[in-house]
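Q: Kindly return the folded structure for what I paste below:
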Amino acid sequence: MYTRRLRTKLQRWGSVFYQRRNNGFGARRCVLTPEASASEFAPSLSALLGRCLCSPNGSGQLHLSSHGANSEFSRRNFGSFGCSNGGSVAGFSSVAESAKNDDENGKDNGSSGGDEKGSKLGAASWVDLYLPRKARPYAHLARLDKPIGTWLLAWPCMWSITLAANPGSLPDLKMLMLFGSGALLLRGAGCTINDLLDRDIDVMVERTKSRPIASGLLTPFQGLCFLGFQLLLGLGILLQLNNYSRILGASSLLLVFSYPLMKRFTFWPQAYLGLTFNWGALLGWTAVRGSLDPYIVLPLYFSGVFWTLVYDTIYAHQDKEDDVKVGVRSTALRFGDLLKEWISGFGIACISSLALCGYNADIGWPYYAFLIAASGHIAWQISTVDLSCRADCNRKFVSNKWFGALVFGGILFGKLAT
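A: Purely as a prediction, here's the structure:
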(Lines give C-alpha, C1' and ligand atoms only; values in the text may rest on other atoms or scores of the structure.)
Protein backbone atom coordinates (compact mmCIF):
# COMPACT_ATOMS: atom_id res chain seq x y z
CA MET A 1 0.00 0.00 0.00
CA TYR A 2 2.79 2.39 0.97
CA THR A 3 4.79 1.68 -2.21
CA ARG A 4 1.71 2.11 -4.38
CA ARG A 5 0.88 5.48 -2.82
CA LEU A 6 4.47 6.64 -3.21
CA ARG A 7 4.40 5.70 -6.87
CA THR A 8 1.05 7.43 -7.36
CA LYS A 9 2.41 10.62 -5.80
CA LEU A 10 5.39 10.73 -8.12
CA GLN A 11 3.29 9.95 -11.17
CA ARG A 12 0.81 12.69 -10.29
CA TRP A 13 3.56 15.22 -10.73
CA GLY A 14 3.66 14.47 -14.44
CA SER A 15 7.05 15.21 -15.95
CA VAL A 16 10.44 15.59 -14.39
CA PHE A 17 12.85 17.86 -16.17
CA TYR A 18 16.56 17.47 -15.86
CA GLN A 19 18.56 20.36 -17.19
CA ARG A 20 22.28 20.27 -17.23
CA ARG A 21 23.91 23.44 -18.36
CA ASN A 22 27.28 22.95 -19.95
CA ASN A 23 28.43 26.21 -21.49
CA GLY A 24 24.86 26.79 -22.64
CA PHE A 25 24.47 23.53 -24.57
CA GLY A 26 21.31 21.49 -24.57
CA ALA A 27 18.88 20.09 -22.03
CA ARG A 28 17.62 16.64 -21.14
CA ARG A 29 14.10 15.64 -20.25
CA CYS A 30 13.21 12.60 -18.16
CA VAL A 31 9.57 11.59 -17.85
CA LEU A 32 7.83 9.39 -15.30
CA THR A 33 4.51 8.57 -16.89
CA PRO A 34 1.47 6.97 -15.28
CA GLU A 35 1.78 4.21 -17.84
CA ALA A 36 5.17 3.09 -16.53
CA SER A 37 5.02 -0.46 -15.28
CA ALA A 38 5.95 -1.40 -11.75
CA SER A 39 9.10 -3.11 -13.02
CA GLU A 40 10.12 0.01 -14.90
CA PHE A 41 9.36 2.45 -12.10
CA ALA A 42 12.19 1.76 -9.65
CA PRO A 43 14.93 1.43 -12.31
CA SER A 44 13.68 4.60 -14.00
CA LEU A 45 13.80 6.54 -10.75
CA SER A 46 17.25 5.17 -9.93
CA ALA A 47 18.54 6.04 -13.37
CA LEU A 48 17.05 9.51 -13.07
CA LEU A 49 18.73 10.16 -9.75
CA GLY A 50 21.95 8.64 -11.04
CA ARG A 51 22.05 11.17 -13.84
CA CYS A 52 21.42 14.08 -11.49
CA LEU A 53 25.09 14.90 -11.20
CA CYS A 54 26.08 18.47 -10.66
CA SER A 55 28.35 20.10 -13.19
CA PRO A 56 31.89 21.01 -12.08
CA ASN A 57 31.00 24.68 -11.90
CA GLY A 58 28.05 23.93 -9.63
CA SER A 59 25.40 25.04 -12.14
CA GLY A 60 23.76 21.68 -12.77
CA GLN A 61 20.31 21.22 -11.23
CA LEU A 62 17.40 18.85 -11.27
CA HIS A 63 14.29 20.85 -12.15
CA LEU A 64 10.89 19.52 -11.17
CA SER A 65 7.51 20.64 -12.40
CA SER A 66 4.10 19.52 -11.22
CA HIS A 67 0.88 19.44 -13.13
CA GLY A 68 -2.36 19.98 -11.29
CA ALA A 69 -0.54 21.11 -8.15
CA ASN A 70 0.22 24.56 -6.90
CA SER A 71 3.69 25.87 -6.03
CA GLU A 72 3.10 25.35 -2.29
CA PHE A 73 2.67 21.65 -2.95
CA SER A 74 6.01 21.64 -4.73
CA ARG A 75 7.83 23.38 -1.94
CA ARG A 76 6.35 21.21 0.78
CA ASN A 77 7.06 17.88 -0.89
CA PHE A 78 10.50 18.43 -2.33
CA GLY A 79 13.54 19.46 -0.32
CA SER A 80 16.97 20.10 -1.75
CA PHE A 81 20.38 19.11 -0.60
CA GLY A 82 23.77 20.31 -1.68
CA CYS A 83 26.15 18.46 -3.95
CA SER A 84 29.79 18.25 -3.00
CA ASN A 85 30.72 20.53 -5.86
CA GLY A 86 28.23 23.21 -5.03
CA GLY A 87 25.20 22.30 -7.13
CA SER A 88 21.87 21.03 -5.89
CA VAL A 89 19.68 18.00 -6.32
CA ALA A 90 16.05 17.66 -5.34
CA GLY A 91 15.34 15.03 -2.73
CA PHE A 92 12.54 12.48 -3.00
CA SER A 93 12.56 11.18 0.59
CA SER A 94 9.99 13.75 1.69
CA VAL A 95 7.58 12.47 -0.95
CA ALA A 96 7.99 9.05 0.61
CA GLU A 97 7.25 10.59 4.01
CA SER A 98 4.14 12.30 2.68
CA ALA A 99 2.96 9.08 1.07
CA LYS A 100 3.48 7.27 4.35
CA ASN A 101 1.51 9.92 6.23
CA ASP A 102 -1.32 9.65 3.72
CA ASP A 103 -1.32 5.90 4.08
CA GLU A 104 -1.67 6.26 7.85
CA ASN A 105 -4.50 8.73 7.47
CA GLY A 106 -6.30 6.69 4.81
CA LYS A 107 -6.14 9.45 2.22
CA ASP A 108 -3.86 10.85 -0.48
CA ASN A 109 -4.21 14.60 -0.60
CA GLY A 110 -0.58 15.60 -1.29
CA SER A 111 -0.06 17.52 1.93
CA SER A 112 2.50 16.67 4.58
CA GLY A 113 0.71 18.39 7.46
CA GLY A 114 1.32 21.41 9.64
CA ASP A 115 3.72 19.66 11.99
CA GLU A 116 6.34 19.68 9.27
CA LYS A 117 6.66 23.47 9.34
CA GLY A 118 10.27 24.57 9.41
CA SER A 119 11.72 21.05 9.17
CA LYS A 120 14.06 19.79 6.52
CA LEU A 121 11.68 17.53 4.70
CA GLY A 122 14.38 16.02 2.53
CA ALA A 123 15.64 13.98 5.49
CA ALA A 124 12.71 12.04 6.92
CA SER A 125 13.53 9.77 9.87
CA TRP A 126 11.73 6.99 11.72
CA VAL A 127 10.24 9.69 13.95
CA ASP A 128 8.46 11.24 10.95
CA LEU A 129 7.39 7.89 9.55
CA TYR A 130 6.14 6.01 12.58
CA LEU A 131 5.33 8.27 15.53
CA PRO A 132 1.94 9.96 15.96
CA ARG A 133 1.83 13.42 14.46
CA LYS A 134 1.54 15.25 17.79
CA ALA A 135 4.47 13.34 19.30
CA ARG A 136 6.95 14.11 16.51
CA PRO A 137 8.03 17.62 17.61
CA TYR A 138 8.80 16.33 21.11
CA ALA A 139 10.78 13.38 19.71
CA HIS A 140 12.78 15.79 17.56
CA LEU A 141 13.30 18.05 20.56
CA ALA A 142 14.81 15.10 22.47
CA ARG A 143 16.81 14.12 19.33
CA LEU A 144 15.39 10.60 19.39
CA ASP A 145 16.09 10.42 15.66
CA LYS A 146 19.80 11.09 16.33
CA PRO A 147 20.97 8.44 18.82
CA ILE A 148 24.67 9.32 18.60
CA GLY A 149 24.34 11.75 21.51
CA THR A 150 22.90 9.00 23.70
CA TRP A 151 25.78 6.69 22.78
CA LEU A 152 28.38 9.35 23.60
CA LEU A 153 26.73 9.99 26.96
CA ALA A 154 26.24 6.30 27.76
CA TRP A 155 29.70 4.93 26.96
CA PRO A 156 31.57 6.57 29.89
CA CYS A 157 28.88 5.15 32.19
CA MET A 158 29.33 1.68 30.71
CA TRP A 159 33.11 1.93 30.99
CA SER A 160 32.90 2.83 34.66
CA ILE A 161 30.32 0.19 35.58
CA THR A 162 32.34 -2.52 33.84
CA LEU A 163 35.56 -1.28 35.45
CA ALA A 164 33.91 -1.50 38.89
CA ALA A 165 32.98 -5.16 38.40
CA ASN A 166 34.88 -7.80 40.34
CA PRO A 167 37.84 -9.39 38.53
CA GLY A 168 36.71 -12.25 36.30
CA SER A 169 33.05 -11.16 36.53
CA LEU A 170 30.61 -9.62 34.10
CA PRO A 171 29.31 -6.10 34.83
CA ASP A 172 26.02 -5.60 36.63
CA LEU A 173 23.38 -5.93 33.89
CA LYS A 174 20.77 -4.02 35.89
CA MET A 175 23.14 -1.07 36.26
CA LEU A 176 23.94 -1.10 32.55
CA MET A 177 20.24 -0.96 31.72
CA LEU A 178 19.53 1.78 34.27
CA PHE A 179 22.37 3.94 33.02
CA GLY A 180 21.45 3.30 29.40
CA SER A 181 17.92 4.52 30.09
CA GLY A 182 19.27 7.42 32.10
CA ALA A 183 21.57 8.45 29.26
CA LEU A 184 18.62 8.51 26.87
CA LEU A 185 16.56 10.67 29.23
CA LEU A 186 19.34 13.02 30.32
CA ARG A 187 20.55 13.54 26.77
CA GLY A 188 17.00 14.42 25.75
CA ALA A 189 16.65 16.79 28.71
CA GLY A 190 19.96 18.42 27.84
CA CYS A 191 18.81 18.98 24.26
CA THR A 192 15.57 20.51 25.51
CA ILE A 193 17.46 22.88 27.81
CA ASN A 194 19.82 23.74 24.98
CA ASP A 195 16.97 24.54 22.58
CA LEU A 196 15.14 26.64 25.15
CA LEU A 197 18.18 28.77 25.97
CA ASP A 198 19.48 28.93 22.39
CA ARG A 199 16.25 29.58 20.53
CA ASP A 200 17.36 33.10 19.61
CA ILE A 201 20.61 31.72 18.16
CA ASP A 202 19.15 28.63 16.52
CA VAL A 203 16.97 30.66 14.16
CA MET A 204 20.11 32.23 12.67
CA VAL A 205 22.05 29.00 12.13
CA GLU A 206 21.31 26.91 9.04
CA ARG A 207 21.68 23.53 10.75
CA THR A 208 19.51 24.41 13.77
CA LYS A 209 16.81 26.75 12.47
CA SER A 210 14.41 23.85 11.87
CA ARG A 211 14.50 22.65 15.49
CA PRO A 212 11.02 22.48 17.06
CA ILE A 213 11.25 25.53 19.32
CA ALA A 214 13.29 27.68 16.93
CA SER A 215 10.90 26.94 14.06
CA GLY A 216 7.78 27.54 16.15
CA LEU A 217 6.49 23.96 16.12
CA LEU A 218 6.61 24.06 19.93
CA THR A 219 6.29 27.03 22.25
CA PRO A 220 8.85 27.61 25.02
CA PHE A 221 6.16 26.71 27.55
CA GLN A 222 5.56 23.36 25.85
CA GLY A 223 9.30 22.75 25.85
CA LEU A 224 9.48 23.58 29.55
CA CYS A 225 6.66 21.16 30.36
CA PHE A 226 8.39 18.44 28.35
CA LEU A 227 11.63 19.14 30.22
CA GLY A 228 9.83 18.65 33.53
CA PHE A 229 8.50 15.32 32.31
CA GLN A 230 11.99 14.17 31.26
CA LEU A 231 13.56 15.21 34.55
CA LEU A 232 10.80 13.44 36.50
CA LEU A 233 11.57 10.19 34.68
CA GLY A 234 15.27 10.74 35.27
CA LEU A 235 14.62 11.22 38.98
CA GLY A 236 12.90 7.83 39.05
CA ILE A 237 16.11 6.23 37.78
CA LEU A 238 18.36 8.22 40.12
CA LEU A 239 16.35 7.14 43.18
CA GLN A 240 17.19 3.51 42.46
CA LEU A 241 20.89 4.20 43.15
CA ASN A 242 22.66 4.49 46.52
CA ASN A 243 22.71 7.79 48.45
CA TYR A 244 26.25 8.68 47.39
CA SER A 245 25.27 8.29 43.74
CA ARG A 246 22.06 10.26 44.19
CA ILE A 247 23.98 13.29 45.45
CA LEU A 248 26.65 12.93 42.78
CA GLY A 249 24.05 12.50 40.03
CA ALA A 250 21.96 15.48 41.14
CA SER A 251 25.06 17.69 41.18
CA SER A 252 25.51 17.10 37.43
CA LEU A 253 22.38 19.15 36.74
CA LEU A 254 24.36 22.33 37.37
CA LEU A 255 26.60 21.42 34.44
CA VAL A 256 23.66 20.36 32.27
CA PHE A 257 21.76 23.63 32.76
CA SER A 258 24.78 25.92 32.37
CA TYR A 259 26.45 24.27 29.36
CA PRO A 260 24.31 26.00 26.66
CA LEU A 261 25.44 29.40 27.99
CA MET A 262 29.15 28.66 27.71
CA LYS A 263 29.40 29.39 23.98
CA ARG A 264 28.46 32.98 24.74
CA PHE A 265 31.37 33.54 27.14
CA THR A 266 34.25 31.24 26.23
CA PHE A 267 35.95 29.64 23.24
CA TRP A 268 36.02 26.37 25.22
CA PRO A 269 32.39 25.19 25.40
CA GLN A 270 33.57 21.80 24.13
CA ALA A 271 35.67 21.38 27.28
CA TYR A 272 32.64 22.23 29.42
CA LEU A 273 30.61 19.69 27.45
CA GLY A 274 33.32 17.14 28.21
CA LEU A 275 32.94 17.77 31.93
CA THR A 276 29.16 17.34 31.56
CA PHE A 277 28.95 14.39 29.17
CA ASN A 278 31.47 12.24 31.05
CA TRP A 279 29.98 12.64 34.51
CA GLY A 280 28.78 9.08 34.16
CA ALA A 281 32.38 7.90 34.46
CA LEU A 282 32.23 9.03 38.08
CA LEU A 283 28.64 8.00 38.70
CA GLY A 284 28.89 4.47 37.29
CA TRP A 285 31.68 3.51 39.68
CA THR A 286 29.92 4.92 42.74
CA ALA A 287 26.67 3.17 41.79
CA VAL A 288 28.48 -0.18 42.00
CA ARG A 289 31.07 0.45 44.74
CA GLY A 290 29.40 3.15 46.84
CA SER A 291 32.51 5.35 46.83
CA LEU A 292 35.11 6.84 44.48
CA ASP A 293 38.62 5.53 43.81
CA PRO A 294 40.33 8.65 42.42
CA TYR A 295 43.35 6.73 41.07
CA ILE A 296 41.07 4.78 38.74
CA VAL A 297 38.04 6.99 38.18
CA LEU A 298 39.68 10.37 37.63
CA PRO A 299 41.94 9.20 34.75
CA LEU A 300 38.85 7.59 33.20
CA TYR A 301 36.86 10.80 33.62
CA PHE A 302 39.52 13.03 32.08
CA SER A 303 40.06 10.60 29.21
CA GLY A 304 36.41 11.18 28.37
CA VAL A 305 36.86 14.95 28.59
CA PHE A 306 39.78 14.81 26.12
CA TRP A 307 37.77 12.50 23.86
CA THR A 308 34.89 15.00 23.86
CA LEU A 309 37.29 17.78 22.88
CA VAL A 310 38.25 15.73 19.83
CA TYR A 311 34.81 14.76 18.53
CA ASP A 312 32.93 17.92 19.44
CA THR A 313 35.57 20.20 17.93
CA ILE A 314 35.19 18.26 14.68
CA TYR A 315 31.40 18.54 15.04
CA ALA A 316 31.62 22.30 15.66
CA HIS A 317 33.20 22.80 12.24
CA GLN A 318 29.76 22.32 10.69
CA ASP A 319 28.60 25.64 12.16
CA LYS A 320 31.83 27.62 11.99
CA GLU A 321 30.63 30.21 9.47
CA ASP A 322 27.28 30.66 11.21
CA ASP A 323 28.98 30.94 14.61
CA VAL A 324 31.07 33.86 13.34
CA LYS A 325 27.95 35.64 12.08
CA VAL A 326 25.95 35.03 15.24
CA GLY A 327 28.82 35.83 17.59
CA VAL A 328 29.11 32.55 19.52
CA ARG A 329 32.40 30.80 20.24
CA SER A 330 33.86 27.31 19.92
CA THR A 331 37.17 25.49 19.89
CA ALA A 332 36.77 25.14 16.13
CA LEU A 333 37.15 28.92 15.92
CA ARG A 334 39.75 29.13 18.68
CA PHE A 335 42.18 26.66 17.11
CA GLY A 336 41.95 28.01 13.57
CA ASP A 337 44.52 26.53 11.17
CA LEU A 338 46.16 24.58 14.01
CA LEU A 339 43.02 22.58 14.73
CA LYS A 340 44.37 19.16 13.76
CA GLU A 341 47.45 19.71 15.91
CA TRP A 342 45.26 20.60 18.89
CA ILE A 343 42.89 17.67 18.57
CA SER A 344 45.84 15.33 17.96
CA GLY A 345 47.16 16.43 21.34
CA PHE A 346 43.75 15.79 22.94
CA GLY A 347 43.64 12.37 21.29
CA ILE A 348 47.05 11.46 22.75
CA ALA A 349 45.93 12.73 26.18
CA CYS A 350 42.76 10.63 25.92
CA ILE A 351 44.61 7.40 25.14
CA SER A 352 47.28 8.12 27.78
CA SER A 353 44.62 8.67 30.43
CA LEU A 354 42.88 5.42 29.47
CA ALA A 355 46.20 3.57 29.70
CA LEU A 356 46.85 5.05 33.16
CA CYS A 357 43.36 4.08 34.27
CA GLY A 358 43.88 0.50 33.10
CA TYR A 359 47.27 0.31 34.81
CA ASN A 360 45.90 1.58 38.13
CA ALA A 361 42.96 -0.84 37.89
CA ASP A 362 45.32 -3.74 37.08
CA ILE A 363 43.31 -4.81 34.02
CA GLY A 364 44.42 -7.77 31.90
CA TRP A 365 46.25 -7.56 28.55
CA PRO A 366 43.12 -7.62 26.29
CA TYR A 367 42.39 -4.08 27.46
CA TYR A 368 45.59 -2.79 25.89
CA ALA A 369 44.95 -4.64 22.64
CA PHE A 370 41.57 -2.92 22.34
CA LEU A 371 43.20 0.36 23.35
CA ILE A 372 45.57 0.09 20.39
CA ALA A 373 42.57 -0.39 18.11
CA ALA A 374 40.86 2.63 19.71
CA SER A 375 44.03 4.65 19.15
CA GLY A 376 43.93 3.70 15.48
CA HIS A 377 40.31 4.80 15.25
CA ILE A 378 40.93 8.22 16.75
CA ALA A 379 44.04 8.67 14.58
CA TRP A 380 41.96 7.77 11.51
CA GLN A 381 39.37 10.38 12.44
CA ILE A 382 41.87 13.16 12.85
CA SER A 383 44.00 12.35 9.83
CA THR A 384 41.18 11.84 7.33
CA VAL A 385 38.52 14.36 8.36
CA ASP A 386 37.84 17.00 5.71
CA LEU A 387 37.19 20.07 7.82
CA SER A 388 35.80 21.96 4.84
CA CYS A 389 33.07 19.34 4.31
CA ARG A 390 30.15 19.40 6.73
CA ALA A 391 29.03 15.91 5.78
CA ASP A 392 32.47 14.43 6.48
CA CYS A 393 32.71 16.23 9.82
CA ASN A 394 29.37 14.73 10.78
CA ARG A 395 30.44 11.25 9.62
CA LYS A 396 33.59 11.39 11.75
CA PHE A 397 31.59 12.66 14.71
CA VAL A 398 29.04 9.84 14.44
CA SER A 399 31.83 7.24 14.12
CA ASN A 400 32.83 7.92 17.74
CA LYS A 401 30.24 5.42 18.92
CA TRP A 402 32.70 2.77 17.71
CA PHE A 403 35.54 4.33 19.68
CA GLY A 404 33.39 4.04 22.79
CA ALA A 405 32.56 0.44 21.91
CA LEU A 406 36.25 -0.45 21.51
CA VAL A 407 37.12 0.96 24.93
CA PHE A 408 34.14 -0.85 26.47
CA GLY A 409 35.20 -4.12 24.86
CA GLY A 410 38.73 -3.65 26.17
CA ILE A 411 37.55 -3.07 29.74
CA LEU A 412 35.14 -6.01 29.57
CA PHE A 413 37.64 -8.57 28.27
CA GLY A 414 40.41 -7.11 30.37
CA LYS A 415 38.38 -7.62 33.54
CA LEU A 416 37.40 -11.14 32.51
CA ALA A 417 41.05 -11.97 31.90
CA THR A 418 42.18 -10.60 35.28
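
Q: what's the nearest residue to Gly234 if we skip its chain neighbours?
A: Nearest non-adjacent residue to Gly234, counting by C-beta to C-beta, 6 or more residues apart in numbering: Leu185, 4.6 Å away. For the C-beta atoms, the positions are set from N, CA and C on the backbone; glycine is no exception.

Q: shouldn't that neighbour be in contact with Gly236?
A: No - when contacts are counted by C-beta atoms under 8 Å, Leu185 is not listed as touching Gly236 (9.2 Å).

Q: if we can go back for a sec, specify the local secondary structure of the residue nearest to Gly234.
A: helix (DSSP: H, G, I helix; E, B strand; the rest coil).

Q: now swap in Val328 and tell me
A: Secondary structure state of Val328, per three-state DSSP, is coil.

Q: who's in contact with it?
A: By C-beta atoms under 8 Å, 6 or more residues apart in numbering, the contact list for Val328 reads Ile201, Lys263, Arg264.

Q: Which of the helices or strands spans the first one?
A: So the one you mean is Ile201. In this structure, Ile201 is located in helix 199-202 according to DSSP states H and E.

Q: and Thr276, what does it touch?
A: Thr276 makes contact with Gly190, Ser252, Leu255, Val256, Tyr259 under the criterion C-beta under 8 Å, 6+ apart.

Q: what's the answer for Ser330, then?
A: If you count contacts by C-beta under 8 Å, 6+ apart, Ser330 has them with Lys263, Phe267, Pro269, Gln270, Thr313, Ala316, Asp319, Lys320, Asp323.

Q: residues in contact with the residue nearest to Met262 when sequence neighbours are not counted?
A: Excluding its sequence neighbours, the residue lying closest to Met262 (C-beta to C-beta, 6+ apart) is Pro269, at 4.0 Å. For Pro269, the contacting residues are Tyr259, Met262, Lys263, Arg329, Ser330, Thr331, taking C-beta under 8 Å, 6+ apart as the criterion.

Q: closest to Val297 among the contacts of Thr276?
A: Of all the contacts of Thr276, Val297 sits closest to Ser252, with 14.5 Å by C-beta to C-beta.

Q: Just the pLDDT at that closest one, thanks.
A: Reading off the per-residue confidence, Ser252 sits at a pLDDT of 92.

Q: Name the secondary structure element that contains it.
A: Counting by DSSP H and E, the element that carries Ser252 is helix 243-262.

Q: Start from the N-terminal end of the stretch 51-200 of the chain and give the strands.
A: Read by DSSP state E, counting those that start in this stretch, the stretch 51-200 of the chain holds these strands, from start to end of the chain: 61-64, 79-82, 88-91.

Q: Next up, the contacts around Leu387.
A: Contacts for Leu387 were tallied using C-beta under 8 Å, 6+ apart; they are Ile314, His317, Leu339, Lys340, Cys393.

Q: could you measure the fourth one against Leu387, distance?
A: When C-beta to C-beta, to the nearest Å is the yardstick, Lys340 and Leu387 sit 8 Å from each other.

Q: same thing with the last one?
A: Cys393 is 7 Å from Leu387, where distance means C-beta to C-beta.

Q: what does Ala361 give?
A: Between Ala361 and Leu387 the distance is 36 Å, computed by C-beta to C-beta.

Q: circling back to that earlier point, what about Leu185 and Gly236, which has more around it?
A: Taking Leu185 and Gly236 together and counting by other C-beta atoms under 10 Å, Leu185 has the greater number of neighbours (22 against 12).

Q: how close does the more buried one sit to Ala135?
A: 16 Å.

Q: again, but for Ser210
A: Ser210 sits 17 Å away from Ala135, taking C-beta to C-beta as the criterion.

Q: middle-most residue in the chain, spatially?
A: Lys146 (4.2 Å; C-alpha atoms, centre = their mean).
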